[in-house]
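> 3D model of this:
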Amino acid sequence: MTEPLPRSQRLFEGFSAEERDRILVLGTPRVFGRGEVLFREGEPATTLFLPETGRVKLTQLSAEGGEVIMRYMAPGEVFAAVALFPGGLYPVTATATERTRLRTWAGEPLRTLVRDHPRFEANLLRIVSSHTQEALGRVRELATENVARRLARTLLRLGAQIGQPGADGGVLVDRITQQELAQISGTTLYTVSRTLTEWQELRLVDIGRQRYRIVDPERLRGVAEGGA
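Sure, this is the predicted structure:
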């Protein structure tokens with residue numbers, strides 16, 4: 001029996017450990033090195049992915065040809081559910097940001113998985129729905145909220161996606177540059193640097209090299225919701 005992956009509870013909700021293992025066995029293990037592309041935006045969607053270690057960045061191209069970071073996927077977070085639908089195209093490009101091992105389902109194993117485990121498909125579609133709601137929320141934030149609220153929401157969102165909770169109640173978000181934070185938040189590197197420095201003085205966050213510890217998530221959530 002395998003140990004459940006972090007963040008995989010929603011995918012395997014309603015399954016016993018034995019059923020979960022049978023589903024995992026249907027998949028093929030694959031490893032991608034840092035910077036390797038799993039698939040590109042617009043390519044035919046053939047494969048469902050579940051990271052077991054590492055991290056994957058999902059991006060889209062902007063109208064100007066630049067990279068827009070949509071989401072980071074941590075171990076246990078399934079993605080590319082569009083592969084369930086015949087003729088589907090990947091809506092994003094997926095890139096490993098570090099050495100990443102994944103479980104993948106394609107072709108007959110994917111069809112068998114969906115046919116024999118309809119609950120798995122239902123769980124997967126619920127996850128897709130939550131990701132869609134998250135993306136729509138980001139669009140609203142960019143259109144209606146000030147930079148401080150957007151940056152606070154970005155840090156909290158990254159904390160939920162890829163953060164490491166600490167015993168003191170804080171959350172560590174690491175291996176993310178300030179330029180990436182700026183890009184996700186829809187602002188400039190200068191503004192992110194200035195805001196994070198102010199928050200560090202207020203003991204909201206602790207800043208290191210490509211690492212950000214959310215010292216007080218509740219206070220930062222207050223900033224995200226429009227408080228001081």
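> in the longest helix along the chain, what's buried?
Across the chain, the longest stretch assigned as helix under DSSP state H is helix 118-144. For helix 118-144, burial by neighbour count (16 or more other CB atoms under 10 Å) applies to 120, 123-124, 127-128, 131, 138, 141. C-betas here are computed from N, CA, C, even on glycine.
> downstream of it, the next helix or strand is which one?
helix 147-162 (DSSP states H and E).
> now for the lowest-mean-pLDDT helix or strand in the chain, which elements pack on it?
Here the helix or strand of the chain ranked lowest by mean pLDDT, DSSP states H and E is helix 118-144, holding a mean of 84. If you count contacts as 3 or more CB pairs under 8 Å, 6 or more residues apart in numbering; DSSP states H and E, helix 118-144 packs onto strand 67-73, helix 107-116, helix 147-162.
> most packed of these?
Per residue and on average, the most neighbours among these fall to helix 147-162, with a mean of 20 (mean count of other CB atoms under 10 Å).
> that helix - what's its average pLDDT?
Computed over helix 147-162, the mean pLDDT rounds to 92.
> check the gap between the residue nearest to residue 119 when sequence neighbours are not counted and residue 27 for me.
Closest residue in space to residue 119, ignoring its immediate chain neighbours: residue 14 at 5.2 Å, by CB to CB, 6 or more residues apart in numbering. Using CB to CB, to the nearest Å, residue 14 is found at 19 Å from residue 27.
> looking at these two, which is more packed in?
Using other CB atoms under 10 Å, the more surrounded residue of residue 14 and residue 27 is residue 27, with 20 against 10.
> what residue ranges in the chain score low on pLDDT?
1-7, 227-228 (pLDDT under 70).
> all strands of it, in order?
Secondary structure of the chain (DSSP state E): strands located at 28-32, 37-39, 47-53, 56-61, 67-73, 93-96, 100-106, 164-165, 171-174, 205-208, 211-214.
> elements contacting the fourth one?
It stands for strand 56-61. strand 67-73, strand 93-96.
> using PDB, write out the CA atom coordinates for the first one.
Just to be clear, that refers to strand 67-73. Only the C-alpha atoms of strand 67-73 are listed here, as PDB (Å, rounded to 0.1, in the frame of the first residue of the first chain):
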ATOM      1  CA  GLU A  67       4.500  34.200 -20.400                       C
ATOM      2  CA  VAL A  68       1.600  34.400 -18.000                       C
ATOM      3  CA  ILE A  69       1.900  32.200 -15.000                       C
ATOM      4  CA  MET A  70      -1.500  30.500 -14.300                       C
ATOM      5  CA  ARG A  71      -0.700  28.200 -11.500                       C
ATOM      6  CA  TYR A  72       1.900  26.000  -9.800                       C
ATOM      7  CA  MET A  73       1.100  22.300  -9.300                       C
END
